[in-house]
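Trainee: Show me the folded form of this:
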Amino acid sequence: MELAIIQSKIYDIRGVKVMLDFDLAEMYGVETRVMNQAVKRNLKRFPEDFMFQLTETEWKGISSQFVMTSRAKRPKSAIPFVFTEQGVAMLSGLLNSDVAIEANIRIMRAFVFVRNMLTNPPMDELSELKKEVRELKEYMEEVFTDYNDINEDTRMQLELINESLAELQAQKKLSGKPRNPIGFVKPR
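Mentor: Now for the predicted structure:
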């Protein structure tokens with residue numbers, strides 16, 4: 001069975017990654033009833049953090065996610081058990097066929113892969129785009145800050161130039177001396 005198919009059968013319930021009993025039974029090549037009987041005969045091996053039964057609400061939430069095909073044989077009143085990664089590892093000791101052993105190895109790899117994906121999520125395009133937008137925003141804020149600083153400096157310099165021109169104009173008026181005409185002088 002492909003890793004992706006196994007991963008699609010791992011659910012997050014009560015904050016724990018689990019697999020449903022009938023999915024495991026199918027992968028192990030046994031009937032769900034037979035697998036659950038083996039578990040019940042060895043209940044000491046399956047504490048609450050290895051295996052638990054879903055509540056009716058949890059079961060309704062999960063069962064709405066897939067179409068019931070071969071699972072339709074399951075009585076509506078029968079709410080499945082779920083197994084955590086440790087519970088699946090414990091199942092491997094109970095189901096000792098070659099098919100079960102091979103399936104268990106693949107399931108363990110799927111759990112490890114899911115755990116790695118959660119702890120080290122891949123840098124997808126959306127995350128990369130968000131990072132670039134954040135960096136661009138920071139850059140633009142710096143540019144506008146610099147622009148405003150330059151703008152303020154430029155305003156101050158223009159004010160100084162205008163003041164200097166005003167002083168020169170005032171000095172000229174005070175001198176009162178007539179100016180020499182500019183241009184050609186026409187002979188009379």
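
Trainee: which intervals of this structure have sub-threshold pLDDT?
Mentor: Scanning the chain for pLDDT under 70 picks out 1, 65-77, 121-123, 176-179, 188.

Trainee: quick one, domains of the protein?
Mentor: Annotated domains of the chain cover 3-119, 122-174 [automatic domain parsing].

Trainee: what about the first one, start to end distance?
Mentor: What that stands for is domain 3-119. 18 Å (C-alpha to C-alpha, to the nearest Å).

Trainee: chain center to it: distance?
Mentor: Put simply, domain 3-119 sits 26 Å off its chain's centre (C-alpha atoms, centre = their mean, to the nearest Å).

Trainee: Give the buried residues for stretch 107-127.
Mentor: Within stretch 107-127, the residues scored as buried using 16 or more other C-beta atoms under 10 Å are 107, 110, 111, 114. C-beta: built from backbone N, CA, C; applies to glycine.

Trainee: Strands along this structure, start to end?
Mentor: 10-13, 16-20, 51-53, 81-84 (DSSP state E).

Trainee: Quickly run through the sheet partners of the second one, with directions.
Mentor: The pairing partners recorded for strand 16-20 under DSSP bridges are strand 10-13 (antiparallel), strand 81-84 (antiparallel).

Trainee: Give me the residues contacting it.
Mentor: With contacts defined as C-beta atoms under 8 Å, 6 or more residues apart in numbering, strand 16-20 is touched by 9-12, 49, 62, 80-85, 87-88, 107, 111, 114-115.

Trainee: buried residues in it?
Mentor: Buried, per 16+ other C-beta under 10 Å, within strand 16-20: 17, 18, 19, 20.

Trainee: Put together a markdown table for the residues you listed, with distance to residue 45 on each row.
Mentor: Shown next, in a markdown table, are these (distance: C-beta to C-beta, whole Å):
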| residue | distance to residue 45 |
| --- | --- |
| 17 | 19 |
| 18 | 16 |
| 19 | 16 |
| 20 | 19 |
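
Trainee: Not counting residues beside it along the chain, what's closest to residue 6?
Mentor: Nearest residue to residue 6, sequence neighbours excluded (C-beta to C-beta, 6 or more residues apart in numbering): residue 110, at 3.9 Å.

Trainee: hang on, the one you found packs against residue 23?
Mentor: No: counting by C-beta atoms under 8 Å, residue 110 does not reach residue 23; the two are 11.2 Å apart.

Trainee: Just give me the longest helix of the protein.
Mentor: In the chain, with assignment by DSSP state H, the single longest helix is helix 125-175.

Trainee: Pull the distance from it to the chain's centre.
Mentor: The answer for helix 125-175 is 40 Å, by C-alpha atoms, centre = their mean.
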